[in-house]
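Colleague: make a model of this:
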Amino acid sequence: MRILALDSSGLVASVAVVEGNTRESQTIAEYTMNYKKTHSQTLLPMLDEVAKMTELDLKSIDAIAVAAGPGSFTGLRIGSATAKGLGLALDKPLIHIPTLEGMAYNLCGTADIVCPIMDARRRQVYTGIYTFEGDKLKVLEDQMAIGIEELGEKLQKYEGKNEGKIVFLGDGVPVFREDLTERILKDREIWFAPAQMNRQRAASVGSLALWYYEAGKVETAAEHQPDYLRVSQAERERKERLGHDSVSM
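Modeller: Numbering: from 1, shown residues only. A predicted model of the protein is given here:
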């Protein structure tokens, strides 16, 4: 089967085409950008370039996989709108991939505990805790928005499993690396993923989507909705203003 994969859930924009099944697959093309441009400027041109370079007829794809959150509210809306539009135009199903699972799949096959962290501001992260059984992803803690200290407490529960090693990746690493190594998890063995593995990649979203597809986890374009996990900053600020105004009255 052939899957078109999109990820614009964070600072990175990525498009890939993945072919095969869970036993044997390959990435036909991947275009990833981590640069100071908006996803509205980059995602569709990247998709167009991938299609041209691989002589891809979009009608030949079997499904569209999209990193569906959590992450950047604007990025998620752009990715979901693009996937929904393509799904409706091509009459193709969508595969809803949790962003953190897609990131964890960058490290497919590792024996360590995998913990992606995305900076969610206010000392919080979007995160999940995962491990692998061969090349199959196993969810230990489903994706969530929590404080970095609380994440440390959750990770302590897995001491001794998989030799106790934890690998972190994501844009939360540069924000919390010092806290994790020198305070929160100073007694644990920690590894940080190298540059080529530490951000969102559409090839990982597409490869994980093969497992979802074989399990029948697909949806229509009309059904698809992104997973924000929490309200936007603008909504939080609006509620804070309303609360302040009501107190003033």
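
Colleague: and the residue minimising distance to the centre of the chain, what does it touch?
Modeller: Closest residue to the average C-alpha location of the chain: Thr99 at 2.1 Å, with C-alpha atoms, centre = their mean. Thr99 sits next to 7, 9-10, 67-71, 118, 126, 143, 200, 227 when contact means C-beta atoms under 8 Å, 6 or more residues apart in numbering. Glycine gets a C-beta too; all of them are placed from N, C-alpha and C.

Colleague: recalculate using a threshold of 7 Å.
Modeller: Contacts here follow C-beta atoms under 7 Å, 6 or more residues apart in numbering; on that basis Thr99 touches Ser9, Ala67, Ala68, Gly69, Pro70, Gly71.

Colleague: max pairwise distance over those: which two?
Modeller: Ala67 and Pro70 (9.7 Å; C-beta to C-beta).

Colleague: so which of those two has more stuff around it?
Modeller: Just comparing Ala67 and Pro70: by other C-beta atoms under 10 Å the higher neighbour count belongs to Ala67, 36 against 26.

Colleague: for that one, which non-adjacent residue is closest in space?
Modeller: Residue nearest to Ala67 in three dimensions, not counting chain neighbours: Asp7, with 3.9 Å by C-beta to C-beta, 6 or more residues apart in numbering.

Colleague: quick check: domain ranges of the chain?
Modeller: Following automatic domain parsing, one finds the domains of the chain at 2-99+200-235, 100-197.

Colleague: and the strand ranked longest in the chain, which strands flank it?
Modeller: What stands out as the longest strand in the chain, according to DSSP state E, is strand 136-147. The strands that strand 136-147 pairs with in its sheet are strand 124-133 (antiparallel) (by DSSP bridges).

Colleague: avg pLDDT for the partner strand?
Modeller: Across strand 124-133, the average pLDDT comes to 97.

Colleague: hmm, back to that, of the contacts of Thr99, which is the nearest to Val173?
Modeller: Of all the contacts of Thr99, Gly71 has the smallest distance to Val173: 15.3 Å, by C-beta to C-beta.

Colleague: and the closest one, what's its pLDDT?
Modeller: 96.

Colleague: before we move on, the earlier item: please identify the most buried of the domains of the chain.
Modeller: domain 2-99+200-235 (a mean of 19; mean count of other C-beta atoms under 10 Å).

Colleague: could you point out which element follows the longest helix seen in the chain?
Modeller: Ranked by residue count, the top helix of the chain under DSSP state H comes out as helix 73-90. Counting by DSSP states H and E, the next helix or strand C-terminal to helix 73-90 is strand 94-97.

Colleague: and that next one, what does it pack against?
Modeller: Applying 3 or more C-beta pairs under 7 Å, 6 or more residues apart in numbering; DSSP states H and E, one finds that strand 94-97 contacts strand 63-67, helix 202-214.

Colleague: and for it, what are the contacting residues?
Modeller: Contacts with strand 94-97, where a contact means C-beta under 7 Å, 6+ apart, come from 63-68, 83, 87, 205, 208-209, 212-213, 217-221, 224.

Colleague: residue ranges with poor pLDDT in this protein?
Modeller: Within the chain, the segments meeting pLDDT under 70 span 160-164, 231-249.

Colleague: where along it do the strands fall?
Modeller: According to DSSP E, the strands that the chain contains are 2-7, 13-20, 25-33, 63-67, 94-97, 113-119, 124-133, 136-147, 166-169, 190-192.

Colleague: partner strands of the first one, with direction?
Modeller: By that I understand strand 2-7. Strand pairing (DSSP bridges) places strand 2-7 next to strand 13-20 (antiparallel), strand 63-67 (parallel).

Colleague: could you do the last one as well?
Modeller: Strands flanking strand 190-192 in the sheet, each with its direction: strand 166-169 (parallel) (DSSP bridges).
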